[in-house]
Structures are given as structure tokens and as C-alpha cells.
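Asks: structure of the sequence below:
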Amino acid sequence: MNGLKLKIESTSGRGNYQITKGSFPMLEIKYTSWFSGHAQTRFKGTAIDIKPGNFWQSKFSITKNDKEAGEMKYHTKGFISFELWDDSGEQPLNYQFRSKGFWKSYYLLLDEAENIVLRLQPKWIWRKFSHDYEVEIPDVDFDEEFLTELLIYCGYATNVYDQKNAATTAAVT
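Replies: Numbering: from 1, shown residues only. Have a look, this model is predicted:
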């Protein structure tokens, strides 16, 4: 997996982003409107939707082909949890997405045992007035398809963090 050069790249001010492998765009995640928080994409023939589950936009439902596949929750302690279900009904997979650092911030995706699954290193792009993210993967053995799906959720989570930070800054000033 370390040989993969994966990135999450912003494609519009609306929050849209794409996941690229090397210089090849694998898929694009698009928001349905400026303020809805509803994002959708198509990956390997599966329609994936992420949309707010409550008024405060602290819960988000994940569906695949209109079937519940998981949820994301923004916690007041400053992390986002992912709970992902599969068709078999087995134990859900749980992850935590955390922002780390202050001056040189980055994001970590941790599994249930708090092992680092991946790290997103932001790079500010002035012409886009947004971040692109380099994906760093430690020696974790995931298949590329599941890793790409995790990146879809991580890209959405970075937008949630940006939104919450902007709201906090506006409330303080």
C-alpha cells in the first residue's frame, strides 16, 4: 500500500473533492447544493450518499445504493466517529477521525485499537482557496477498494471539520 500515491483534492468551493491515484482521478464526490451537506459519488457501480442526519449536522448517515451502510458522528470532544456496516450484519467497523497539531495540523484515522490507519497531510492551495491532502498509509493491509471507500468518508470529515471550525471562529468574534 505504501507504493500508492493517493490524494484527496478539492475540486470546487462547494466542497467537492476527488480521490486521485498518482495523477489519475479515481472518483469525484459532489455536494448536491451549497448548504445541504449532502454529498454523493459512484464507486465501482455503487452509489454512495452521505447526508446530515439531524438539524445540527453532528450526525451523518451513509447509504450505499439507498441501503443504510453506516453513520458518522461529530463529537464535542473534537473527533468524528465512523461506524460502518456490511451486508452480512456482522460487528460494525468503528473508526475515529481526529485532527492533530496546531500550527502544522493534520488528520489521523484510527481503528478501534487506536492504531493509525492513515494520515492526511493538508497542503493549502491558494488558487483553489482550499486544501488538498496527501494520504500517508502506514503498513496497514487493506484492499485498495476499502481504502478508497475510507478516503471518501475522510474527505467528507475534513469538510465537516472546516465547517465546524469556521462556525466556532464566527461565534467567537
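
Asks: contacts, neighbours, all on C-alpha from now
Replies: OK.

Asks: residue ranges with poor pLDDT in this structure?
Replies: 1-4, 87, 89, 165-173 (pLDDT under 70).

Asks: just the helices in it please.
Replies: With helices called from DSSP state H, the chain shows them at 144-172.

Asks: any chance you could map the strands in it?
Replies: 6-10, 17-21, 24-31, 39-43, 46-52, 59-64, 67-74, 79-84, 93-100, 106-110, 116-125, 130-136 (DSSP state E).

Asks: just these: most buried one?
Replies: strand 6-10 (a mean of 23; mean count of other C-alpha atoms under 10 Å).

Asks: what lines up beside it in the sheet?
Replies: Sheet partners assigned to strand 6-10 using DSSP bridges are listed as strand 17-21 (antiparallel), strand 130-136 (antiparallel).

Asks: what's the angle from it to helix 144-172?
Replies: Put simply, strand 6-10 runs at 40 degrees to helix 144-172, going by axes from the mean of the first three to the mean of the last three C-alpha atoms, to 10 degrees.

Asks: before we move on, back to that, reformat the strands paired with strand 6-10 as CSV; add distance to Ser105.
Replies: Supplementary listing: the strands paired with strand 6-10 in CSV, determined by distance: least, C-alpha to C-alpha, whole Å:
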stretch, distance to Ser105
strand 17-21, 20
strand 130-136, 11
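
Asks: which stretch among those comes nearest Asp66?
Replies: strand 17-21 (21.6 Å; C-alpha to C-alpha).

Asks: not counting its own residues, what contacts that closest one?
Replies: Strand 17-21 has contacts (C-alpha atoms under 8 Å, 6 or more residues apart in numbering) with 4-11, 25-30, 148, 151-152, 155.

Asks: at 7 Å instead, please
Replies: For strand 17-21, the surrounding residues in contact (C-alpha atoms under 7 Å, 6 or more residues apart in numbering) are 4-11, 25-30.

Asks: pretty sure Lys30 contacts Gln40?
Replies: Yes: applying C-alpha atoms under 7 Å, one finds Lys30 in contact with Gln40, separated by 5.5 Å.

Asks: how far away is Glu9 from Gly53?
Replies: When C-alpha to C-alpha, to the nearest Å is applied, the distance between Glu9 and Gly53 equals 25 Å.

Asks: likewise for His131?
Replies: Taking C-alpha to C-alpha, one finds His131 at 26 Å from Gly53.

Asks: so who does the residue nearest the centre of the chain touch?
Replies: The residue lying closest to the centre of the chain (C-alpha atoms, centre = their mean) is Cys154, at 1.7 Å. With contacts defined as C-alpha under 7 Å, 6+ apart, Cys154 is in contact with no residue.
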